[in-house]
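Colleague: whatever this is, show me its structure:
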Amino acid sequence: MGKNLSEFPIQYIKGVGPRRAKLLDTIGIRTVGDAFYYLPYRYEDRKHIKKISSLAYGQLETVVGKVIAADVIKLPRGNLKLFELTISDGSGLLKGKWFNQPFMKKNFKVGQEVILSGIVKRNPYWGSGFEIDSPEYEFTADDSPEALPNADTLIHTSRIVPVYRTTAGISVRQLRTIMFNLINACIEGISDPVPPEILKRNNLPNLRDSILNSHFPESETDINVLNRRASAFQNRIFFHELFMFELGLSALKKGKVREKGIAFNSEGALVKRLLDMLPFKLTGAQQKVFNEIFGDMREPHPMNRLLQGDVGCGKTVIALMAMLTAVECGYQAALMAPTEILAEQHYINIHRIIEDMGLNICLLTGSVKKRPLDDIASGRINMVVGTHALIQEGIEFKNLGLIIIDEQHRFGVMQRALLKKKGSSLTPDVLVMTATPIPRTLAMTLYGDLDYSVIDELPPQRRPVITRVFSEKQKDYIYKAIAGETKKRGQVYVVYPVIEETGKSNLKSAITGKEALEKMFPDLNVSLIHGRMKPQEKEGVMAAFKKGEIDILVSTTVIEVGVDVPNATMMLIVHAERFGLSQLHQLRGRVGRGGSQSYCFLLAYHPYGEDSKRRLKIMAESTDGFRIAEEDLDIRGPGEFFGTRQAGLPDLRAANIVRDSRLLDTARKEAFALIDSDPELNTFPELKKGLEGFWKGKIELFKTG
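Modeller: Just a heads-up that it's a prediction; the model follows:
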């Protein structure tokens with residue numbers, strides 16, 4: 001795609017203008033290039049629109065009819081309302097129903113012609129009548145002045161019709177007209193930067209035909225293949241994005257290998273002292289991963305490695321061993337975490353060990369007022385633990401040799417690059433860690449510029465946590481279980497979604513929960529920890545809990561990561577329906593860290609939706625982090641799961657790294673082979689220009705001058 005065409009503002013396309021351009025911006029369409037990649041989310045076969053009288057139950061059907069009634073009905077139970085639309089095409093009646101959406105009434109007027117699409121159900125009151133729950137709808141008339149002449153026969157009916165997700169102020173029909181105008185005007189200007197031999201090798205069509213047929217497919221195309229997003233033309237567009245993505249990661253990785261780094265020739269004395277102090281032995285997986293890291297650190301070019309491991313597998317110990325290796329060789333080490341809570345937990349876990357060895361460590365977060373900047377700059381501080389405050393101006397290291405970044409999916413390429421600039425003349429080694437289990441192929445997508453290690457083994461004494469879901473009616477059982485666990489000298493976490501109650505929500509809060517638990521268990525020591533407490537207060541509470549002085553610790557999600565109390569054997573998560581799947585898994589990882597059987601109770605309050613139901617079911621069925629991560633990916637989608645908008649990586653507008661994992665693998669192999677043969681892409685100037693446009697504003701791929 002030519003650079004100028006893809007960056008041409010959408011505002012100047014026929015039928016758009018300044019007002020609609022602002023609306024399109026909200027769904028990510030700012031340029032012609034954005035529009036090309038904004039694919040329909042489904043397709044309707046309007047070559048054969050059915051009469052209402054010939055509809056089939058259980059089938060996805062599309063009909064056209066006139067509105068004869070649009071009513072809001074109050075339901076007998078609760079305060080629920082039903083909006084009911086009745087249409088007729090002369091052969092019969094069809095009802096569309098939207099539950100608890102009375103505002104839908106204003107969208108429809110009697111006499112309007114409307115297209116409805118959805119799964120047809122039997123109407124329970126008519127016996128043989130037809131109805132559709134929450135149908136897709138579209139009006140056949142377009143009152144906008146820029147509507148095309150004969151547009152109905154061209155794009156809205158009598159063909160396979162694309163259906164786009166849209167936004168308030170632009171109807172599906174209007175967006176379809178804009179797309180038709182745009183493709184007609186711009187399709188001839190599309191160039192294809194992917195080398196022809198790559199397309200031929202993988203049986204992929206050219207980009208121009210692929211864009212045209214993905215938006216406005218030819219009539220003979222199999223609509224089921226289109227709706228599975230599996231046509232050759234759709235695959236070509238997905239491949240294009242994935243190839244550009246992987247090509248950028250490959251260029252980054254090649255560039256890093258050529259950088260001059262630090263060869264850490266450590267004797268391992270500090271690591272040996274650490275291992276002698278630990279009350280446990282490393283697992284085989286931990287030892288294997290440290291050997292990989294230590295091997296990288298000895299090389300004279302920078303380590304760039306991803307360390308992945310499920311909750312409780314012992315990543316922090318490995319990180320500390322790497323930091324001690326750097327410090328023993330006379331360098332400083334920095335550990336960066338995405339939140340103050342996690343940074344503080346790392347600091348609490350590390351600082352006593354470090355100080356016993358005669359080394360100096362400091363905590364650097366937004367709320368730490370006293371910052372020993374001179375001691376960091378002079379090298380008197382050996383290790384710094386902090387948040388993104390580490391990359392702010394004014395913080396200088398004497399000789400930063402190792403950077404460890406925790407929960408990598410919340411950071412990105414840009415933040416890593418900024419932190420690396422804090423190093424000396426030589427580029428520091430980088431180790432990034434995540435407890436979010438990611439299938440290897442997907443990990444290679446997000447972190448394709450990194451080497452990869454995984455701790456795939458939990459400590460031997462750990463037993464799977466028994467997880468059960470309860471409703472609010474079963475609270476008595478939960479409280480009896482808590483009483484029984486504390487009698488056995490086990491300790492209990494009770495996690496709430498908020499610190500205190502507000503008028504804006506009906507969520508139970510930690511402060512109120514603590515008061516209720518104190519009344520219920522007057523003989524037990526109940527304490528509270530939350531994010532608004534000062535670091536010293538939180539450290540004091542956690543120290544008391546670790547010593548067994550607290551029976552029940554009421555908490556918000558501050559204990560999601562980094563807390564290790566082997567005697568904690570039970571967790572109750574209140575309003576579990578409000579938590580994300582990876583968050584529930586992280587929280588559950590706080591119990592079961594000793595040898596005793598542990599339990600996690602998920603207390604869910606009705607009503608909650610299908611996604612919440614799925615999350616709770618998966619938690620009860622599995623403790624396998626990889627399975628949970630794959631389900632989480634499926635529920636939330638890759639953009640939200642990985643937080644790519646915050647990660648300094650280009651957005652994938654059409655491709656989906658889960659659905660298109662086979663294409664992703666192909667794209668990765670082709671991209672890395674191409675960069676191996678031509679690291680600067682000098683033989684492919686058009687591809688190089690397209691790649692720089694794809695990664696524009698994210699990171700500089702090719703150094704100039």
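Colleague: ok, now which ones touch residue 602?
Modeller: 467-470, 573, 576, 584, 616, 619-620 (Cβ atoms under 8 Å, 6 or more residues apart in numbering). C-beta here means a position set from N, CA and C on the backbone, and glycine is covered the same way.
Colleague: can you tell me which of the residues you listed is nearest residue 318?
Modeller: Nearest to residue 318, judged by Cβ to Cβ, of the contacts of residue 602 is residue 584 at 25.0 Å.
Colleague: could the contacts of residue 602 be laid out in a markdown table, adding neighbour count, pLDDT and distance to residue 693?
Modeller: Shown next, in a markdown table, are those (neighbours: other Cβ atoms under 10 Å; pLDDT from 0 to 100; distance: Cβ to Cβ, whole Å):
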| residue | neighbour count | pLDDT | distance to residue 693 |
| --- | --- | --- | --- |
| 467 | 23 | 96 | 47 |
| 468 | 16 | 96 | 52 |
| 469 | 18 | 96 | 48 |
| 470 | 17 | 96 | 53 |
| 573 | 25 | 96 | 45 |
| 576 | 26 | 94 | 44 |
| 584 | 23 | 91 | 40 |
| 616 | 22 | 95 | 43 |
| 619 | 25 | 95 | 42 |
| 620 | 13 | 95 | 47 |
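Colleague: and the residues you listed, which is closest to residue 99?
Modeller: residue 616 (22.1 Å).
Colleague: so who does the closest one touch?
Modeller: Residue 616 neighbours (Cβ under 8 Å, 6+ apart): 469, 576-577, 602, 604.
Colleague: circling back to that earlier point, so which of the contacts of residue 602 sit within helices?
Modeller: Among the contacts of residue 602, the ones falling in helices (DSSP state H) are 584, 616, 619-620.
Colleague: possible to save those residues as CSV with distance to residue 39?
Modeller: Formatted as CSV, these follow (distance: Cβ to Cβ, whole Å):
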residue, distance to residue 39
584, 33
616, 33
619, 33
620, 36
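Colleague: if we can go back for a sec, and the two most separated of the contacts of residue 616?
Modeller: Among the contacts of residue 616, 469 and 577 lie farthest apart (Cβ to Cβ), at 9.3 Å.
Colleague: quickly list what's touching both of those two.
Modeller: With Cβ under 8 Å, 6+ apart as the test, residue 469 and residue 577 both reach 604, 616.
Colleague: quick one on the thing from earlier: any chance of TSV for the contacts of residue 602, columns distance to residue 663?
Modeller: TSV is the format used below for the contacts of residue 602 (distance: Cβ to Cβ, whole Å):
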residue	distance to residue 663
467	35
468	40
469	37
470	42
573	38
576	36
584	31
616	33
619	31
620	34
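Colleague: which pair in those spans the largest distance?
Modeller: Within the contacts of residue 602, 470 and 584 form the most distant pair, 14.0 Å apart (Cβ to Cβ).
Colleague: so which helix or strand takes in the spatially closest residue to residue 156 that is not a sequence neighbour?
Modeller: In space, and not counting its chain neighbours, residue 156 is closest to residue 173: 6.2 Å by Cβ to Cβ, 6 or more residues apart in numbering. Secondary structure assignment for residue 173, by DSSP states H and E: helix 172-186.
Colleague: again, but for residue 453
Modeller: strand 451-455.
Colleague: buried residues, that strand. List them.
Modeller: Buried residues in strand 451-455, counted by 16 or more other Cβ atoms under 10 Å: 453-455.
Colleague: stretch 10-17 now?
Modeller: Neighbour counts over stretch 10-17 (16+ other Cβ under 10 Å) mark 10-11, 13, 15-16 as buried.
Colleague: can you give me the helices for the stretch 301-450 of the chain?
Modeller: Ranges of helices in the stretch 301-450 of the chain, per DSSP state H, counting those that start in this stretch, are 315-328, 340-356, 373-378, 413-420, 440-446.
Colleague: same check on the stretch 601-705 of the chain?
Modeller: Going by DSSP H, counting those that start in this stretch, the stretch 601-705 of the chain shows helices at 610-621, 625-636, 638-642, 661-677, 685-694.
Colleague: and the first one, C-alpha only, in CSV?
Modeller: Looking back up the chat, that one is helix 610-621. Listed next in CSV are the C-alpha coordinates belonging to helix 610-621 (Å, rounded to 0.1, in the frame of the first residue of the first chain):
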residue,chain,number,x,y,z
GLU,A,610,-22.1,-15.1,30.5
ASP,A,611,-18.5,-14.0,30.6
SER,A,612,-18.5,-13.9,34.4
LYS,A,613,-20.1,-17.3,34.5
ARG,A,614,-17.4,-18.7,32.2
ARG,A,615,-14.6,-17.2,34.2
LEU,A,616,-15.9,-18.7,37.5
LYS,A,617,-16.5,-22.1,35.9
ILE,A,618,-12.9,-22.2,34.5
MET,A,619,-11.5,-21.2,37.9
ALA,A,620,-13.4,-24.0,39.6
GLU,A,621,-12.3,-26.6,37.0
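Colleague: CA atoms only: put stretch 336-355 into CSV for me.
Modeller: Extracted in CSV, the C-alpha atoms of stretch 336-355 (Å, rounded to 0.1, in the frame of the first residue of the first chain):
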residue,chain,number,x,y,z
MET,A,336,10.9,-2.3,37.5
ALA,A,337,7.4,-3.3,38.3
PRO,A,338,4.1,-1.9,36.8
THR,A,339,2.5,-0.9,40.2
GLU,A,340,3.7,0.5,43.5
ILE,A,341,2.2,-2.5,45.3
LEU,A,342,4.3,-5.0,43.3
ALA,A,343,7.4,-2.8,43.5
GLU,A,344,7.0,-2.6,47.3
GLN,A,345,6.5,-6.4,47.6
HIS,A,346,9.7,-7.0,45.6
TYR,A,347,11.5,-4.6,47.9
ILE,A,348,10.2,-6.2,51.1
ASN,A,349,11.1,-9.7,49.8
ILE,A,350,14.6,-8.6,48.7
HIS,A,351,15.9,-5.9,51.0
ARG,A,352,16.5,-8.0,54.2
ILE,A,353,18.5,-10.6,52.3
ILE,A,354,20.6,-8.0,50.4
GLU,A,355,21.3,-5.9,53.5
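Colleague: contacts for it, please.
Modeller: Contacts to stretch 336-355, defined as Cβ under 8 Å, 6+ apart, come from residues 274, 277, 316, 320, 335, 360-361, 363-367, 382-383, 385-388, 390-391, 403-407, 410-411, 415, 419, 531, 535, 538-539, 542, 558, 560-564.
Colleague: how about a cut-off of 7 Å?
Modeller: 274, 277, 316, 320, 335, 361, 363, 365-367, 383, 385-387, 390, 403, 405-407, 410-411, 419, 531, 535, 538-539, 542, 558, 561-563 (Cβ atoms under 7 Å, 6 or more residues apart in numbering).
Colleague: next one: stretch 369-377
Modeller: Stretch 369-377 is contacted by residues 362, 364, 381, 384, 394-398 when judged by Cβ under 7 Å, 6+ apart.
Colleague: hmm, back to that, which of the helices of the stretch 601-705 of the chain comes out lowest on mean pLDDT?
Modeller: Of all the helices of the stretch 601-705 of the chain, mean pLDDT reaches its minimum on helix 638-642 (a mean of 58).
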